[in-house]
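Engineer: This is the structure alone, sequence omitted:
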């Protein structure tokens, strides 16, 4: 596999310079690339390109419709001011399996295009606000049936999307708000996880709870669990049923110390990795 990391746009005058890399499979274009290279169209001449990351923050980019001709594209990441144009252009790519969008708090309308990506297996949404969360709750029932991996990184702590139970094939879920929350989430806020029967990997960060949620006692099929910066000081006995757990990450969730009574972990004999701080 050949990887071309484009981190010095001032050295190239146009994207046509990369078309000689006919074996290129992965390409990352940072924020400043737009002003230097202009049109996206040259990317269509890379027949093996399957993974593309674009920062569309610079208005120097153009020719977004060309992305719709990149039929081999399987993984796409976009962020910045022109996210809507970039994602719209790729909505016809039936082979796209993974999509990462950095939306922005006032750009909830960008998420409506997700209705066109029913074939997605992995979705990552970053930096969206309250309206984006509400819209996502409406979108998931229509597109969540095929999702296997979902990473949600909103700007603020909000309730877990109501449409989450529609993601019946989900095996990995990450929920990491950007800002902390004043107060505590009620235990029932975590119950949507119980509807995800295929879930094996769960990552929570900055979720305001003082104890391991009671719902976790019924999540016995997990192989990976991360509860970071959640101030969980009690309730570790609820992890005892996770006998298939291989990785446990409790960074900053123990008030910087191990529990004095470790009997809660005696049944976790499959653990190969455990992280405290």
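Structural biologist: Ah, there it is. As the structure is a computational prediction, the values presented were derived from the model and not from experiment.

Engineer: Tell me the helix or strand right after whichever strand or helix holds residue 139.
Structural biologist: When elements are defined using DSSP states H and E, residue 139 is found to belong to helix 130-143. Along the chain past helix 130-143, the next helix or strand (assigned with DSSP H and E) turns out to be strand 149-153.

Engineer: Which elements pack onto that next one?
Structural biologist: The helices and strands touching strand 149-153, judged by 3 or more Cβ pairs under 8 Å, 6 or more residues apart in numbering; DSSP states H and E, are strand 122-126, strand 172-175. In this view, the C-beta of every residue, glycine as well, is placed from N, C-alpha and C.

Engineer: Let me know the angle separating the helix or strand that the last one is followed by from strand 149-153.
Structural biologist: Meaning strand 172-175. Counting by DSSP H and E, the next helix or strand C-terminal to strand 172-175 is strand 201-205. Per axes from the mean of the first three to the mean of the last three Cα atoms, to 10 degrees, the angle that strand 201-205 makes with strand 149-153 is 0 degrees.

Engineer: so what's residue 257 scoring on pLDDT?
Structural biologist: At residue 257, the model reports a pLDDT of 51.

Engineer: Same question for residue 99.
Structural biologist: The model's pLDDT for residue 99 equals 91.

Engineer: Can we start the residue count at 799 from this point?
Structural biologist: Sure thing, new numbering starts at 799, so read that last one as residue 897.

Engineer: Show me which residues of the strand or helix carrying it are buried.
Structural biologist: Secondary structure assigned from DSSP H and E places residue 897 in strand 896-900. Residues of strand 896-900 classed as buried under the neighbour-count rule (16 or more other Cβ atoms under 10 Å) are 896, 897, 898, 899, 900.

Engineer: Could you double-check that the second one sits in contact with residue 922?
Structural biologist: Yes - under the criterion of Cβ atoms under 8 Å, residue 897 lies in contact with residue 922, with a separation of 7.3 Å.

Engineer: what residues do these two have in common as contacts?
Structural biologist: Taking Cβ atoms under 8 Å, 6 or more residues apart in numbering as the contact criterion, the common neighbours of residue 897 and residue 922 are residue 875.

Engineer: hmm, back to that, elements contacting the strand holding residue 897?
Structural biologist: Secondary-structure packing of strand 896-900 (3+ Cβ pairs under 8 Å, 6+ apart): strand 873-877, helix 881-888, strand 920-924.

Engineer: List the contacts of that strand.
Structural biologist: When contacts are taken as Cβ under 8 Å, 6+ apart, the neighbours of strand 896-900 outside the stretch itself are 851, 872-878, 881, 885, 888, 908-909, 915, 918-925, 947, 949.

Engineer: orientation of that strand relative to strand 920-924 in degrees?
Structural biologist: Computed by the same axes, to 10 degrees, the angle separating strand 896-900 from strand 920-924 equals 0 degrees.

Engineer: Parallel or antiparallel, which strands does strand 896-900 pair with?
Structural biologist: Applying DSSP bridges, strand 896-900 is found paired with strand 873-877 (parallel), strand 920-924 (parallel).

Engineer: Name the residues that touch the last one?
Structural biologist: This means strand 920-924. Under the contact criterion Cβ under 8 Å, 6+ apart, strand 920-924 has outside partners 875, 877, 895-901, 909, 912, 915, 930, 934, 945-952.

Engineer: Repeat that for the first one.
Structural biologist: Applying Cβ under 8 Å, 6+ apart, the external contacts of strand 873-877 come out as 848-855, 865, 884-885, 888, 894-900, 922, 924.

Engineer: Identify each buried residue in that strand, please.
Structural biologist: Along strand 873-877, the positions that meet the burial threshold by neighbour count (16+ other Cβ under 10 Å) are 874, 875, 876, 877.

Engineer: Over to stretch 1045-1053?
Structural biologist: With burial defined by 16+ other Cβ under 10 Å, the residues of stretch 1045-1053 counted as buried are 1045, 1046, 1047, 1048, 1050, 1051, 1052.

Engineer: Narrow these to those in helices?
Structural biologist: Counting by DSSP state H, none of the members of the buried residues of stretch 1045-1053 fall within helices.

Engineer: That'll do, ta.
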